[in-house]
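# model this:
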Amino acid sequence: MTKTQKIIGWTSLWILLPILYGVFYYSQLPTTMAIHFDFNNQADGWAGRNWVVFGLPLMMLALQWFAVIITRLNATHKGSAPRLERVLYSIVPVLNLVLYVVTIQFNLGHEVDIRRVVMLVIGLVFIAMGNYLPTAPANSNVGFHTPTKQNDQHWVRATRRLGYILVVGGLLCIASMFFAPLASAIAMLVIIIGVIVVGLVSLQRD
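Got it, this is the predicted structure:
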């Protein structure tokens, strides 16, 4: 069994296991379930019970397979970054587990602060990615790069800048949990603007 097959196998298991949780509460769930929420924890998107319990994990499974295959191809042809790759492999399984359980709990009628849960998870993901992004090899597909080959020094600067933005953005996401919903919206906006600015700067050769 290849490394790619092992990664897909283990991560697929973790993505599909939460379905057992949904099946356990299946009869108690409404036939139409809330699946999307705004920053004020108000539901603004719905889907059928079968789609939520079974369809969403399968959709996340397909996304995970795509992510793993692309990451492994990149590692094979451009060089590996083991620590960053481990973070990338874990993002979908972690998000799936947390969001699946939270969604089930909300639709069971329990009081769940969706915004705070989501901002915490997103913040931790950004911090992890920001810490390990600079370990990506030069000219890999992870991060920003110019159409022409960059030198290692330029690549290191670009990934470090993006890494700083992600770490700071992750801390802002977590900090926003303790303030009004507007703070979370501002945190996300700051991250988006920061990533765009760093991307534009990294496209310029020093």
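
# So for this protein, the centremost residue is which one?
Geometric centre of the chain, nearest residue: Ile91, 4.9 Å, by CA atoms, centre = their mean.

# my read: that residue touches Phe126, true?
No: Ile91 is beyond contact range of Phe126, at 10.4 Å (criterion: CB atoms under 8 Å). Glycine gets a C-beta too; all of them are placed from N, C-alpha and C.

# for the helix or strand hosting Val195, packing partners?
Assigned by DSSP states H and E, Val195 falls within helix 181-202. Helix 181-202 sits against helix 114-132, helix 152-176, with contacts defined as 3 or more CB pairs under 8 Å, 6 or more residues apart in numbering; DSSP states H and E.

# what residues does that helix touch?
Under the contact criterion CB atoms under 8 Å, 6 or more residues apart in numbering, helix 181-202 has outside partners 39-41, 115, 119, 126, 143-146, 154, 157-158, 161-162, 165-166, 168-169, 172-173, 175-177.

# If we go by neighbour counts, what in it is buried?
181, 183-184, 187-188, 190-191, 194-195, 198-199, 202 (16 or more other CB atoms under 10 Å).

# next one: stretch 30-37
Applying 16+ other CB under 10 Å to stretch 30-37 flags 33-35, 37 as buried.

# With pLDDT and distance to Asn74 added, can I get these in TSV?
Below are the buried residues of stretch 30-37 laid out as TSV (pLDDT from 0 to 100; distance: CB to CB, whole Å):
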residue	pLDDT	distance to Asn74
Met33	94	36
Ala34	93	36
Ile35	90	31
Phe37	87	33
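
# between those, which is nearest Phe106?
Nearest to Phe106, judged by CB to CB, of the buried residues of stretch 30-37 is Ala34 at 6.3 Å.

# Quick check, pLDDT for the residue nearest to Val94 when sequence neighbours are not counted.
Of all residues not flanking Val94 in the chain, Val121 sits nearest, at 6.9 Å (CB to CB, 6 or more residues apart in numbering). If you check Val121, the pLDDT there is 93.
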